[in-house]
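Colleague: here's my sequence, what's the structure:
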Amino acid sequence: MGDELPEIVRFTLLSLMPIVVLGFGLYYLFTNPTLPVGIQLGICFLIGGGIGNIYDRLKFGSVTDFMHIDFGLFRTGVFNFADVSIMIGIGILLIQSFKKKIIEPQL
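Modeller: A predicted model of the protein is given here:
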């Protein structure tokens, strides 16, 4: 995806912008020490997965997907562990978001 984009646009969208977003995530994490542990954990999973994907993109020129699980009825597409980390982080943040809304009284 994005192979047909001009080199500068591809670099900006797929490498530079994610680095800026990861930097903001780290800044947010370290400047808000009172965040609930679940939110901190979710952000850490997102940042870890993002760093893994950025590393692949900068070192190899693209994100390498290398896992395929096939246990009879249970099959997955091809993915990498950085993507798994990102999805776990999103899942944790979603659960924290719903949990907070349930606990807060309705006014």
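Colleague: so what's Ile92 scoring on pLDDT?
Modeller: Here the pLDDT value assigned to Ile92 is 96.
Colleague: which stretches of the chain have low pLDDT?
Modeller: Regions of the chain meeting the criterion pLDDT under 70 cover residues 1-2, 100-107.
Colleague: for it, what spans make up the strands?
Modeller: 70-71, 74-75 (DSSP state E).
Colleague: to Leu29, which of the ones you listed lies closest?
Modeller: Closest to Leu29 of those is strand 74-75 (Cβ to Cβ; 34.3 Å). Where you see a C-beta, it was placed from the backbone N, CA and C, and this is true even at glycine.
Colleague: list the neighbouring strands of that closest one plus their orientation.
Modeller: Looking at strand 74-75 with DSSP bridges, its partner strands are strand 70-71 (antiparallel).
Colleague: need the residues that contact the strand it pairs with.
Modeller: The contact list for strand 70-71 (Cβ atoms under 8 Å, 6 or more residues apart in numbering) reads Thr76.
Colleague: chain center to that strand: distance?
Modeller: How far strand 70-71 lies from its chain's middle: 25 Å, per Cα atoms, centre = their mean, to the nearest Å.
Colleague: am I right that Leu14 is in contact with Arg57?
Modeller: Yes: the pair Leu14 / Arg57 is scored as a contact, 6.2 Å apart, by Cβ atoms under 8 Å.
Colleague: any idea where the helices of this protein begin and end?
Modeller: All helices of the chain, identified by DSSP state H, fall at 7-11, 17-31, 37-60, 81-103.
Colleague: reformat these as TSV; add distance to Gly72 and mean neighbour count.
Modeller: Formatted as TSV, the helices of the chain follow (distance: least, Cβ to Cβ, whole Å; neighbours: other Cβ atoms under 10 Å):
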stretch	distance to Gly72	mean neighbour count
helix 7-11	39	11
helix 17-31	36	13
helix 37-60	28	17
helix 81-103	21	14
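Colleague: redo those as a markdown table? Include distance to Arg75.
Modeller: Shown next, in a markdown table, are those (distance: least, Cβ to Cβ, whole Å):
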| stretch | distance to Arg75 |
| --- | --- |
| helix 7-11 | 31 |
| helix 17-31 | 29 |
| helix 37-60 | 22 |
| helix 81-103 | 16 |
